[in-house]
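Trainee: I'll drop the sequence and a predicted model, then ask my questions.
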Amino acid sequence: MERMTSQMWRAAYSMASNRVEGCGRESDTAFRRFLIISQGTANEPEYFTNLVHDLGYFNKPGFKMVLDKENKVGRSLNNLINKVELI
């Protein structure tokens, strides 16, 4: 369980650092690429959340709350990627 928690923290840091790194790039294309990498990394916590729930470590209300927040992050990243694409 501790390893999964650690992996989820690393994924959260990685999502943020990829967005920041992409922001520092010279083009919208490069920024968009880093956003897509961040979006892929956002799938990791979702996987671990489902796994922990399936193993019985998460109650239903807690699971739903965390999953809803993860989905919100994913939608926000997707919206940002689409906006950068239109620029």
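Mentor: Cool, the structure landed. Just so you know, these numbers come straight off a predicted model, no measurement behind them.

Trainee: Could you tell me which ranges of the chain sit under the pLDDT cut-off?
Mentor: For the chain, applying pLDDT under 70 flags the ranges 86-87.

Trainee: how about 90 then?
Mentor: Regions of the chain meeting the criterion pLDDT under 90 cover residues 1-9, 11-13, 15-16, 18-20, 22-29, 45, 48, 52, 57-60, 84-87.

Trainee: so where do the helices sit in it?
Mentor: Assigned by DSSP state H, the chain shows helices spanning 2-23, 28-54, 60-86.

Trainee: Can you lay out these as JSON lines showing mean neighbour count?
Mentor: Quick note: C-beta positions are derived from backbone N, CA and C, even for glycine. As requested, the helices of the chain are arranged in JSON lines below (neighbours: other CB atoms under 10 Å):
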{"stretch": "helix 2-23", "mean neighbour count": "14"}
{"stretch": "helix 28-54", "mean neighbour count": "17"}
{"stretch": "helix 60-86", "mean neighbour count": "13"}
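
Trainee: need the contact list for residue 23.
Mentor: Applying CB atoms under 8 Å, 6 or more residues apart in numbering, one finds that residue 23 lies in contact with 31, 34.

Trainee: now residue 46, nearest residue through space, not along the chain?
Mentor: With CB to CB, 6 or more residues apart in numbering as the criterion, residue 46 has its nearest non-adjacent residue at 4.8 Å, and that residue is residue 70.
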